[in-house]
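Asks: Kindly return the folded structure for what I paste below:
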Amino acid sequence: MPVTIYQGNDYSPAPADINIVIDVIRAFTVAHYAFIGGAKKILLVRTTKEAFRLKKTYPDYLLTGEVNGVGIKGFDLDNSPKRAAGHDMAGKTLIQKTTNGVNAALHALQAEHILVTGFSNAKTTAEYAAALSRRQKEPVINIIASHPIGDDDMACAEYIKDIIEGKQTIAPAEAVMRIKNSHVAEKFFDRENPLFDPDDITYCIKEIPGHFVMKINPEKEVPMIERVII
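Replies: Here you go, the predicted structure:
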């Protein structure tokens with residue numbers, strides 16, 4: 001089966017059977033912890049203006065995200081998986097706006113199945129995609145590493161590709177090391193940069209076995225991530 005990896009947050013891949021969009025640091029790690037905490041759904045928006053418009057209509061929804069890595073004034077949460085994990089998410093709907101992951105996902109809606117993940121849910125997502133692909137003749141699978149530079153999402157993309165293709169060339173520990181040593185992770189370990197919490201990386205590199213994947217429903221007025229039990 002053809003499995004192709006692309007890198008960037010504005011790449012629109014050709015129509016496929018399965019698109020997998022990755023943002024390890026940190027959007028889809030945040031999403032994963034939100035669903036673990038009981039979140040109902042996550043709406044994906046391109047702009048802060050759209051996020052605030054939805055919040056005005058639905059004041060109980062939680063705004064979460066960042067611009068260029070920094071939390072947005074007026075949002076309920078930033079893009080920290082640590083803070084997402086500590087927040088009461090039960091039954092909540094989130095509105096997520098991020099620089100890389102969300103933008104990449106909104107460019108990748110031309111597929112029968114659209115999955116999003118960080119490393120924390122990578123193995124579960126890859127195994128689900130592999131199972132889907134076995135049901136189709138000559139399936140086309142795109143994997144999008146949303147950060148346009150660096151090795152964090154690429155390490156996860158290659159790890160997922162490896163699992164889908166039934167190989168064992170990339171061990172989880174190798175992917176974790178590449179994520180920790182990536183350009184994107186550097187600022188989290190810079191003690192002179194208090195905007196970024198090193199604990200977030202700990203959340204981003206912890207693989208959590210689970211029984212659900214995060215799948216985009218593109219049919220709604222606002223595309224949304226839903227928790228799909230497998």
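Asks: The one residue sitting closest to the centre of the chain and residue 145: what is the separation?
Replies: In the chain, the centroid-proximal residue (CA atoms, centre = their mean) is residue 28; its distance is 2.5 Å. Residue 28 is 12 Å from residue 145, where distance means CB to CB, to the nearest Å. Every residue, glycine included, has its C-beta placed from N, CA and C.
Asks: what's the host helix or strand of residue 174 packed up against?
Replies: Applying DSSP states H and E as the criterion places residue 174 in helix 172-180. Helices and strands touching helix 172-180, by 3 or more CB pairs under 8 Å, 6 or more residues apart in numbering; DSSP states H and E, are helix 152-164, helix 198-204.
Asks: helices and strands around the longest one, which ones?
Replies: The one in question is helix 152-164. strand 3-7, strand 16-22, helix 122-134, strand 141-145, helix 172-180.
Asks: Please apply the same query to the shortest one.
Replies: Where contact means 3+ CB pairs under 8 Å, 6+ apart, helix 198-204 is packed against helix 27-36, helix 81-86, helix 172-180.
Asks: Quick one: closest of the ones you listed to residue 69.
Replies: helix 27-36 (10.7 Å; CB to CB).
Asks: sorry, back to before: dump the helices and strands packed on helix 198-204 to JSON lines, plus mean pLDDT and distance to residue 50.
Replies: Putting the helices and strands packed on helix 198-204 into JSON lines (pLDDT from 0 to 100; distance: least, CB to CB, whole Å) gives the following:
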{"stretch": "helix 27-36", "mean pLDDT": "98", "distance to residue 50": "16"}
{"stretch": "helix 81-86", "mean pLDDT": "98", "distance to residue 50": "21"}
{"stretch": "helix 172-180", "mean pLDDT": "98", "distance to residue 50": "30"}
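Asks: for the chain, what are the low-confidence residue spans?
Replies: 1 (pLDDT under 70).
Asks: quick one: residue 209 from residue 180, how far?
Replies: Counting by CB to CB - residue 209 and residue 180 are separated by 21 Å.
Asks: can you check residue 76 too?
Replies: 29 Å.
Asks: My guess is residue 123 contacts residue 207. True?
Replies: Yes - using CB atoms under 8 Å, residue 123 is in contact with residue 207, at 6.2 Å.
Asks: shared neighbours of those two, which are they?
Replies: residue 172 (CB atoms under 8 Å, 6 or more residues apart in numbering).
Asks: Which of the two has more residues huddled nearby?
Replies: residue 123 (19 against 16; other CB atoms under 10 Å).
Asks: mind listing what the more buried one touches?
Replies: So residue 123 contacts 163, 172, 207, 209 (CB under 8 Å, 6+ apart).
Asks: Same check on residue 112?
Replies: Residue 112 neighbours (CB under 8 Å, 6+ apart): 16-18.
Asks: on that earlier part again, with respect to burial, which of the helices and strands packed on helix 198-204 scores highest?
Replies: helix 27-36 (a mean of 29; mean count of other CB atoms under 10 Å).
Asks: after that one comes which helix or strand?
Replies: strand 41-44.
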